[in-house]
Every structure is written in structure tokens, then in C-alpha cells.
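In: Could you work out the structure for the sequence below:
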Amino acid sequence: MKVSKEVFGALIGASLVLTVLYPLGHRRNLKLAKRMAALLEEQLQPQDQEYTWLGGVMGFTGEFKVPGFRKVMVVYRLLPRQSVLWLPFHFLTGDRDTVQALFYLKEPPSQEIHLVKGGLLSRPKIYNLASLREKRMKRRGGKVRVLYERDPDPAERLADFLGDELPLVRHLAVTKEKGVFYLELPLPPSHLEKGASLLGRVVHKRPALEKVI
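Out: Down below sits the predicted model:
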């Protein structure tokens, strides 16, 4: 089968674009991951830390030894900027770089609580959803779906605890079985400092958080 000059030229051009953009996206993600790791260490002030890369430059999992907690785990997931073919699909579905932070509490919370923002596509999987009650709460950044076991007041106090950083949060959870305080943040590169600062607030204001939950 003959290939026309136009098709051949298009294939060569596409190959050149992929060749040029791959290292650019690779370097961009590597730079973001290193920047985020440095910000986390600055804000969490861990006694020790260990990182595991996720699929090359797709992010990392960090485990931090932080006083006052059994441990702190942070998963930083990056868009595949090195993949020109996959990146458009992520933008079409609304995907963003995300941070998932798990603070393992030394004392179990009194009940399970979730604060959830976003539409149907962004709703997290909550395993015991049927056993939780639901209400809506209006805060800066829009309406928040509140799920709780018995008392909705701690959810209000958690929103106050986050303060001006609440709009950064897509999902907040307090799980009783595992004793975890969880935050999920869609975090574009321009918000890295704000996101890391919010995680630092959880660490440095831990006594106030424990009173709330």
C-alpha cells in the first residue's frame, strides 16, 4: 500500500511532536514532584520520611513519621504530561493533579464523617454509605454534602477548622474503624503551597482537630 507524501509528512510531524513533548512533560512532572516533596517536609516537619515513585513520574507515595500521629501518608498523583496521547482525555474528564493525605490518629474518632464537594462524577466510594445520614451545608466555595453517623455538628466544626482552605478540599473523611483523618485535594501546580500549608495546619493544630472529631 502506497502512502501519500501528505500522510507520510503528517506521520513524521506527529512523531517529532511526540519526541519533543515527551521530555518536556517528563521534566515538568519531575519538577512538580520534587517541589511537592520539599513543601511537605517543610510543612509536616517529619522526623523521618520515605518516598515511593508511582509509575516513573506519575507522582509518589510519601510516608512520614510525624509526632502526634501513628504515621502520615501522602499520595501525590500527577497528570501524564509526558503522554501527549493520554493527556487530552484527562482534561476532558476533568482530572487534575491530586493529593490524598491520610493522618493516622493515635485515638479513634467518635464517629464517621464525610464532607464531599463536586458532582456525581467526583463522588468518592464510601463503603458504609447506607448507614450514614446526610445533610447539605453551604460554605465558601459552594455547597458541601455532609455524611455522618449521629451528630452533624462536628462536620460544621471541621469546615470551620479548614477555614479559607476549605475550597481546596474535594473530600474530607474521618473514619472510625481505621482511625484516619483523610483529605483529598485537586491541586493544580499554582496551588502547591496552599495545599501543603493545609496539611501542615492539620499537623500543627492537631489538638484542636482532635477536640472537633
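In: Test my guess that residue 104 contacts residue 70.
Out: Yes - in this structure, residue 104 is within contact of residue 70 by Cβ atoms under 8 Å, at 3.9 Å. The way it works is simple: take the backbone N, C-alpha and C, and place the C-beta from them, glycine included.
In: Need the residues touching each of the two.
Out: Common neighbours of residue 104 and residue 70, using Cβ atoms under 8 Å, 6 or more residues apart in numbering, are residue 179.
In: more neighbours, those two?
Out: More neighbours surround residue 104 than the other of residue 104 and residue 70, with 15 against 12 (other Cβ atoms under 10 Å).
In: so who does the more buried one touch?
Out: So residue 104 contacts 69, 70, 71, 72, 73, 178, 179, 180 (Cβ under 8 Å, 6+ apart).
In: can you redo these as TSV with distance to residue 170, secondary structure and pLDDT?
Out: Shown next, in TSV, are the contacts of residue 104 (distance: Cβ to Cβ, whole Å; DSSP: H, G, I helix; E, B strand; the rest coil; pLDDT from 0 to 100):
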residue	distance to residue 170	secondary structure	pLDDT
69	22	strand	97
70	24	strand	97
71	23	strand	97
72	19	strand	98
73	17	strand	98
178	20	coil	90
179	22	coil	94
180	16	strand	96
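In: Identify, from these, the entry nearest to residue 144.
Out: Residue 144 lies nearest to residue 180 out of the contacts of residue 104, by Cβ to Cβ, at 19.6 Å.
In: Give me the neighbour count for the closest residue to the closest one other than its chain neighbours.
Out: Spatially, and ignoring its direct neighbours in sequence, residue 180 is nearest to residue 102 (5.2 Å; Cβ to Cβ, 6 or more residues apart in numbering). Residue 102 is flanked by 19 other residues according to other Cβ under 10 Å.
In: Residue 102 reaches residue 66, doesn't it?
Out: No - at 11.6 Å, residue 102 does not count as touching residue 66 under the criterion of Cβ under 8 Å.
In: Determine the residues that are contacts of both of those two.
Out: Here residue 102 and residue 66 share the contacting residues residue 72, scored by Cβ under 8 Å, 6+ apart.
In: What number of residues are in the vicinity of residue 209?
Out: So residue 209, with other Cβ under 10 Å, has 22 neighbours.
In: returning to that earlier point: please, a PyMOL command that selects the buried ones among the contacts of residue 104?
Out: Burial among those is assessed by 16 or more other Cβ atoms under 10 Å; the matching PyMOL selection reads:
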select buried, resi 69+72+73+179+180
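In: can I assume residue 75 sits in a strand?
Out: Yes - assigned with DSSP: H, G, I helix; E, B strand; the rest coil, residue 75 falls within a strand.
In: how about the nearest residue to it, chain neighbours excluded?
Out: Spatial nearest neighbour of residue 75, chain neighbours left out: residue 100 (4.4 Å); criterion: Cβ to Cβ, 6+ apart.
In: Does the one you found touch residue 61 like I think?
Out: No - using Cβ under 8 Å as the test, residue 100 is too far from residue 61 to be in contact (9.3 Å).
In: any common contacting residues for the two?
Out: 74, 75.
In: By mean pLDDT, point me to the weakest helix or strand of the chain.
Out: helix 87-92 (a mean of 55; mean pLDDT, DSSP states H and E).
In: Tell me which helix or strand comes right after that helix.
Out: strand 98-105 (DSSP states H and E).
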